[in-house]
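Peer 1: show me the folded form of this:
(one chain, ligands or ions: 1)
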Amino acid sequence: MFRSALLLFVLALVLPAAVKKDPFGRTPAGEAVDIYTLTNAAGLEARIMTYGATVVSLKAPDKGGQKADVLLGFDSLDGYLKEHPYMGAIVGRYGNRIAKGQFSLNGKSYRLAVNNGPNALHGGLRGFDKRVWTAEAKADSVVLKYSSAAGEEGYPGKLDVTVTYTITPANELRIDYRAVADQDTVANLTNHAYFNLSGEPTILNHLVKLEADRFTPVDTDLIPTGEIRSVAGTPFDFRKETPVGTRINASDEQITFGKGYDHNWVLNGPPGTLRKAAEVYSPRSGRLLTVSTTEPGVQFYTGNFLDGSLKGKGGKKYSQRAALCLETQHYPNSPNQPTFPTTVVKKGVPMTSTTVWQFSTR
Ligand code: GLA
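Peer 2: Residues are numbered from 1 along each chain as shown. All right, here's what the predicted structure looks like:
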């Protein structure tokens with residue numbers, strides 16, 4: 001056991017990663033979509049397509065060395081072209097909500113496309129998740145680019161976005177974000193992957209640990225009220241590893257508003273430095289996902305809006321809580337909350353951000 005683990009470790013260090021490109025179909029407008037397969041010697045395989053810069057699948061070994069896909073999604077491009085809740089996609093220009101789809105910047109007010117009741121959610125009607133990105137393969141990464149025109153979905157300024165997915169020998173998929181604007185604007189980029197580390201129908205038995213002493217409570221529209229609240233004594237306390245299901249139906253106003261967990265946690269430690277944000281562990285499979293980020297927050301969402309109507313990979317019906325999301329991000333509605341870390345991207349000043357998903361077993 002120890003010898004084979006050692007062998008794998010040594011192989012992982014000496015064998016290079018591989019990146020392969022294949023066609024993945026066409027959009028109704030006729031744009032070609034490609035898919036890139038990134039593999040390393042330690043058993044991680046990530047497939048990333050140019051539509052939405054989406055992570056289509058992510059295969060990681062369990063405690064017995066058995067590889068399986070840990071992401072919800074679809075087998076072919078068709079599934080992604082239909083209405084779906086951002087599975088595996090890059091979300092932008094602004095991840096999560098902007099209240100009433102409005103904000104002002106430098107004394108000017110802007111109206112965004114609203115797509116979530118009265119609010120703007122995840123970039124609007126046609127966000128970054130519904131665009132075809134250009135891509136370039138490197139030795140161990142794929143570099144995806146999208147240029148968001150000034151005025152797109154109501155946002156000021158052109159924003160040139162680069163997202164680089166890198167596979168590392170340490171069984172990590174690393175996501176580096178970079179965005180440059182030609183005029184002051186706002187941005188909040190994240191990946192909206194839905195993880196299920198065991199293949200069980202729900203993630204209620206997954207154990208979650210969040211490196212956060214505080215969270216941002218929301219109103220009935222899931223817009224942060226502006227308060228930063230301690231998690232102590234609430235169902236939001238994940239400072240110790242806790243099964244997702246233990247308190248998900250607690251009689252708590254915040255749980256009721258979110259229909260479960262759908263909140264932003266304020267990560268401990270200084271934003272801008274890569275630090276541990278979360279751990280997810282499946283006792284069933286033994287898979288452990290460790291998320292690190294430079295972002296100030298993480299939206300922990302427990303798939304509350306999944307209702308069994310979506311048929312995903314292998315014809316599987318995705319029911320409520322079939323997966324969980326850890327959307328590393330700036331806080332929702334920051335453009336209207338001056339006390340939150342700023343999401344303003346200044347003209348010509350690159351915005352950068354990094355998130356790492358590491359897979360191991362225990
Ligand atoms: C985020 C939001 C949720 C929901 C999902 C996608 O997590 O906060 O309310 O929109 O994305 O369905």
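Peer 1: alpha carbons only for contacts and neighbour counts from here, please
Peer 2: Will do.
Peer 1: gap between the residue of the chain found nearest the ligand and residue 61?
Peer 2: In the chain, no residue comes nearer to the ligand than residue 85, which is 4.6 Å away by Cα to the nearest ligand atom. In this structure, residue 85 and residue 61 are 26 Å apart, going by Cα to Cα, to the nearest Å.
Peer 1: and if you look at residue 170?
Peer 2: To residue 61, residue 170 is 13 Å away according to Cα to Cα.
Peer 1: who has more neighbours, those two?
Peer 2: residue 61 (24 against 16; other Cα atoms under 10 Å).
Peer 1: quick check: closest non-adjacent residue to residue 334.
Peer 2: If the residues on either side of it in the chain are set aside, residue 334 comes closest to residue 340, at 5.7 Å by Cα to Cα, 6 or more residues apart in numbering.
Peer 1: need the contact list for the one you found.
Peer 2: Taking Cα atoms under 8 Å, 6 or more residues apart in numbering as the definition of contact, the neighbours of residue 340 are 226, 331, 334.
Peer 1: need these in a markdown table (columns: pLDDT and distance to residue 181).
Peer 2: As requested, the contacts of residue 340 are arranged in a markdown table below (pLDDT from 0 to 100; distance: Cα to Cα, whole Å):
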| residue | pLDDT | distance to residue 181 |
| --- | --- | --- |
| 226 | 98 | 27 |
| 331 | 99 | 20 |
| 334 | 98 | 18 |
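Peer 1: export those residues to TSV and tack on secondary structure and distance to the ligand?
Peer 2: Rendered in TSV, the data for those read as follows (DSSP: H, G, I helix; E, B strand; the rest coil; distance: Cα to the nearest ligand atom, whole Å):
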residue	secondary structure	distance to the ligand
226	coil	16
331	coil	11
334	helix	14
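Peer 1: who wins for neighbours among these?
Peer 2: For those, neighbours were counted by other Cα under 10 Å; the highest total belongs to residue 331, with 30 neighbours.
Peer 1: list the contacts of it.
Peer 2: If you count contacts by Cα under 8 Å, 6+ apart, then residue 331 has 216, 264, 296-298, 340-341 around it.
Peer 1: what are the phi and psi angles of it?
Peer 2: As for residue 331, its main-chain torsions (degrees, to the nearest 10) stand at phi -70, psi 150.
Peer 1: for residue 166, same thing?
Peer 2: Per degrees, to the nearest 10, the residue geometry at residue 166, taken as phi and psi, is phi -120, psi 140.
Peer 1: surely residue 266 touches residue 216?
Peer 2: Yes: the pair residue 266 / residue 216 is scored as a contact, 7.1 Å apart, by Cα atoms under 8 Å.
Peer 1: the more surrounded of the two?
Peer 2: The neighbour comparison of residue 266 against residue 216 (other Cα under 10 Å) goes to residue 266, with 27 against 23.
Peer 1: can you give me the helices in the stretch 51-200 of the chain?
Peer 2: For the stretch 51-200 of the chain, helices defined by DSSP state H, counting those that start in this stretch occupy the ranges 77-81.
Peer 1: which parts of it sit against the ligand?
Peer 2: Where the stretch 51-200 of the chain comes near the ligand, counting by Cα under 6 Å from any ligand atom, the residues are 85, 96.
Peer 1: going along the chain, name the strands of the stretch 51-200 of the chain.
Peer 2: Along the stretch 51-200 of the chain, the segments classed as strands by DSSP state E, counting those that start in this stretch run 54-61, 67-69, 90-91, 97-98, 102-105, 108-111, 120-121, 134-137, 141-148, 159-168, 172-181, 185-186, 190-191.
Peer 1: would you turn these into CSV with mean pLDDT and distance to residue 249?
Peer 2: Output for the strands of the stretch 51-200 of the chain, formatted as CSV (pLDDT from 0 to 100; distance: least, Cα to Cα, whole Å):
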stretch, mean pLDDT, distance to residue 249
strand 54-61, 98, 30
strand 67-69, 98, 28
strand 90-91, 98, 28
strand 97-98, 98, 24
strand 102-105, 98, 33
strand 108-111, 98, 36
strand 120-121, 98, 25
strand 134-137, 98, 43
strand 141-148, 98, 40
strand 159-168, 98, 36
strand 172-181, 98, 32
strand 185-186, 98, 35
strand 190-191, 99, 26
